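Trainee: Below are the sequence and a predicted model for it; my questions follow.
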Amino acid sequence: MPKLIKPKNYAPKISPMETQRAIKKIKDYFQQELAYGLNLRRVSAPLFVAPETGLNDNLNGVERRVSFTILDMDEKNVEIVQSLAKWKRMALSEYNFAPGEGLYTNMNAIRRDEELDNLHSCYVDQWDWEKVIRKEDRTIEVLEETVKIIFKVIKHMEHEVWYKYPQAVKHLPDDIFFITSEELRKMYPDKEPKERENLITKEHGCVFVEKIGGVLGDGKPHDGRAPDYDDWELNGDILFWFENLNCALEISSMGIRVDEAAMESQLKKANALDRKNLPFHKSLLAGELPYTIGGGIGQSRLCMLLLNKAHVGEVQSSVWPADMIEACKKNKIILL
């Protein structure tokens, strides 16, 4: 059985039916607040894309993509998206969004290589958002101000859930703490990256770990990041301390996206210069795409956090190993 954390004395505070109602409330309200806070408009997004476009994401660079062929297109091969980071940037250009304007969409994906546990599912559901910025806005200050807006929306959601489900809501910290991955490494040089995240997030309650993807002082990256969407000097993850599982819970990965110079540099570092020949990469390197900031916010993870659940399967319908389902039942973890 995949790794399963069974919190001691865990018991859900609301029924599965009430949980379903709460999920709808959280999702409906959060996307409205996010759109208002970041000046975003909802658009439709693809579930699959053609691999030759270069629009699909490599995530950490090792995950296998789910693909299939389409009968009425001469068995053309297409891939289920892994995220929409590059597609969103193309969409902003095609829809002629101006600086300060952006889009959001409901992104669904299948990640076949996920290690299934309390936090990870093969099924991905998140709000993907992207916003046009000016070149001079590609700064750490703009990144952190955007993070604060997202944190404020999440914090507001805590109050909304409390009004309806006071017995279930998880109380969140009042502030978010900022730290770079290199600063974090120096604080805990003998710890692995995930251990560092747990220690700093437990101390502060909510943390934004900045600058993820590049090599740190010990010769290793804090975590893997594809070289062709986030600028590794202007990105990061929003983490909340989650007592149920005694770990940091990543709610969002986001960042200011690569400009022409960052794309060239990071493709070289990743030994992926062959991607320069793909349509998306050609357009970006030619200066044809807008400068942007964007990210993804996990829908099920946000519901899991706010409703203080112990397993993502309590707020998301997916497929789980039979022994995990049985172990969850024995520990009052009711999977949907």
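Mentor: In hand now; what should we look at?
Trainee: OK, contacts around the residue lying closest to Ala109 once chain neighbours are set aside?
Mentor: Take Ala109 and drop its neighbours on the chain: the residue closest to it by C-beta to C-beta, 6 or more residues apart in numbering is Val124, 4.1 Å away. In this view, the C-beta of every residue, glycine as well, is placed from N, C-alpha and C. Each residue near Val124 by C-beta atoms under 8 Å, 6 or more residues apart in numbering is listed here: 107-111, 298.
Trainee: Could you rerun that using 10 Å?
Mentor: Val124 makes contact with 80-83, 107-111, 114, 296, 298-300, 316, 318 under the criterion C-beta atoms under 10 Å, 6 or more residues apart in numbering.
Trainee: Then Cys206?
Mentor: Neighbouring residues of Cys206 by C-beta under 10 Å, 6+ apart: 151, 154-155, 172-177, 238-241, 248-249, 251.
Trainee: could you redo the last one with a cut-off of 6 Å?
Mentor: For Cys206, the contacting residues are 173, 176, 240, by C-beta atoms under 6 Å, 6 or more residues apart in numbering.
Trainee: Beta-bridge partners for it, please?
Mentor: Legend: beta-bridge partners of Cys206 under DSSP bridges are Phe240.
Trainee: rewinding a little: now the residue nearest to Ala109. Its backbone dihedrals?
Mentor: For Val124, the backbone dihedrals are phi -110, psi 130 (criterion: degrees, to the nearest 10).
Trainee: Can you give me the distance of it to Ser253?
Mentor: To Ser253, Val124 is 12 Å away according to C-beta to C-beta, to the nearest Å.
Trainee: Check what contacts stretch 83-100 and list those residues.
Mentor: With C-beta under 6 Å, 6+ apart as the test, stretch 83-100 has contacts from 45, 55, 57, 107, 128, 130, 132-134, 229, 280, 289-290, 292, 294.
Trainee: Quick one, which of those residues are buried?
Mentor: Among the contacts of stretch 83-100, those classed as buried by 16 or more other C-beta atoms under 10 Å are 45, 55, 57, 107, 128, 130, 132-133, 229, 280, 289-290, 292, 294.
Trainee: can you tell me which of the residues you listed are in strands?
Mentor: The members of the buried ones among the contacts of stretch 83-100 that map onto strands under DSSP state E are 107, 128, 130, 132-133, 292, 294.
Trainee: how about the helices in the stretch 201-336 of the chain?
Mentor: Residue ranges of the helices in the stretch 201-336 of the chain, as given by DSSP state H, counting those that start in this stretch, are 260-269, 279-285, 299-306, 322-330.
Trainee: Make TSV out of the ones you listed and add distance to Tyr165 and mean pLDDT.
Mentor: Output for the helices of the stretch 201-336 of the chain, formatted as TSV (distance: least, C-beta to C-beta, whole Å; pLDDT from 0 to 100):
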stretch	distance to Tyr165	mean pLDDT
helix 260-269	43	94
helix 279-285	43	91
helix 299-306	9	94
helix 322-330	21	91
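Trainee: right, and those helices - which one's nearest Thr139?
Mentor: Between Thr139 and these, the shortest gap by C-beta to C-beta is with helix 260-269, which sits at 13.3 Å.
Trainee: follow-up on the earlier one: looking at the ones in strands among the buried ones among the contacts of stretch 83-100, which one is closest to His159?
Mentor: Of all these, the one with the least separation from His159 (C-beta to C-beta) is Asp128, at 25.2 Å.
Trainee: What's the per-residue pLDDT of that closest one here?
Mentor: We have a pLDDT of 94 for Asp128.
Trainee: Who does it form a beta bridge with?
Mentor: For Asp128, the beta-bridge assignment (DSSP bridges) gives partners Thr105, Gly296.
Trainee: That one touches Met107, doesn't it?
Mentor: Yes: using C-beta atoms under 6 Å, Asp128 is in contact with Met107, at 4.1 Å.
Trainee: Name the residues of the longest helix anywhere in the chain that are buried.
Mentor: Criterion DSSP state H: the longest helix present in the chain is helix 140-164. Residues 142-143, 146-147, 150-151, 153-154, 157, 160-161 are the ones in helix 140-164 that count as buried (16+ other C-beta under 10 Å).
Trainee: on contacts alone, who are the packing partners of it?
Mentor: Secondary-structure packing of helix 140-164 (3 or more C-beta pairs under 6 Å, 6 or more residues apart in numbering; DSSP states H and E): helix 16-38.
Trainee: Cool, thanks, talk later.
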